[in-house]
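> pasting the sequence and the predicted coordinates here, then a few questions.
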Amino acid sequence: MLQYGQQDASFQAAGGYEGVRQLVDDFYQIMDEHADAVAVRRLHAEDLSSARDKLTRFLCGWLGGPRLYLERYGQINLPSFHANWSIDEAERDAWLNCMAGALERQPWSAEFKAYLFQQLRVPAERVMQASQATRRS
């Protein structure tokens, strides 16, 4: 059995495309509903359709599944893409809290949820650092 992070093991553990899509739907629902997510919600357009599609496609590839984001939108460097947004600890933490809530709603093993949350902390931190560096320069 493959370990998470090897080949498409994480993508399969998430339930494939449909599982990733459900995670993203729950993530944005939490972002819309929780007052403590206002800091990160304001960075998004009112209509979240595009954001939902992009995050779903990105996560599919990031989890080792099909590279759907690349197929539709081309290459992405996550920190550079977000560098012009004003992202500090509050926005990073709000994003992570929304994702933690969305992960909790999934029918996945506790082990996979914990693994995935730890993995998501890395790009969240890098995005914040890129944003801060852009604003300092």
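Happy to help now that I have it.
> so for stretch 45-62, what's the average pLDDT?
Taken as a whole, stretch 45-62 has a mean pLDDT of 97.
> from Asn77, how far out is Leu116?
21 Å (Cβ to Cβ, to the nearest Å). Yep, even glycine has a C-beta here, placed from its N, CA and C like the rest.
> who has more neighbours, those two?
Shown here are Leu116 and Asn77; by other Cβ atoms under 10 Å, Leu116 has more neighbours (22 against 10).
> show me the contacts for Ala133.
In this structure, Ala133 makes contact with Ala83, judged by Cβ atoms under 8 Å, 6 or more residues apart in numbering.
> in this structure, where is pLDDT below threshold?
Within the chain, the segments meeting pLDDT under 70 span 1.
> and the residue nearest the centre of it?
The centre of the chain sits closest to Leu55, judged by Cα atoms, centre = their mean, with a distance of 6.1 Å.
> quick one: the strands in this structure?
Using DSSP state E, no strands are assigned anywhere in the chain.
> against Met99, how distant is the residue nearest to the centre of the chain?
10 Å.
> quickly list what's touching both of those two.
Phe27.
> hmm, Val40 is touching Met99, no?
No - using Cβ atoms under 8 Å as the test, Val40 is too far from Met99 to be in contact (10.2 Å).
> then stretch 31-47 to PDB, C-alphas only?
C-alpha atoms of stretch 31-47 as PDB (Å, rounded to 0.1, in the frame of the first residue of the first chain):
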ATOM      1  CA  MET A  31     -15.500  30.700   4.700                       C
ATOM      2  CA  ASP A  32     -18.800  32.300   3.900                       C
ATOM      3  CA  GLU A  33     -20.500  31.400   7.200                       C
ATOM      4  CA  HIS A  34     -17.900  32.100   9.900                       C
ATOM      5  CA  ALA A  35     -17.200  35.600  11.100                       C
ATOM      6  CA  ASP A  36     -13.600  34.700  11.900                       C
ATOM      7  CA  ALA A  37     -13.000  34.100   8.200                       C
ATOM      8  CA  VAL A  38     -13.900  37.600   7.100                       C
ATOM      9  CA  ALA A  39     -10.100  38.500   6.700                       C
ATOM     10  CA  VAL A  40      -9.600  35.800   4.000                       C
ATOM     11  CA  ARG A  41     -13.100  35.900   2.500                       C
ATOM     12  CA  ARG A  42     -12.600  39.600   1.500                       C
ATOM     13  CA  LEU A  43      -9.700  38.600  -0.700                       C
ATOM     14  CA  HIS A  44     -12.100  36.600  -3.000                       C
ATOM     15  CA  ALA A  45     -14.700  37.700  -5.500                       C
ATOM     16  CA  GLU A  46     -18.300  37.700  -4.400                       C
ATOM     17  CA  ASP A  47     -19.000  34.800  -6.800                       C
END
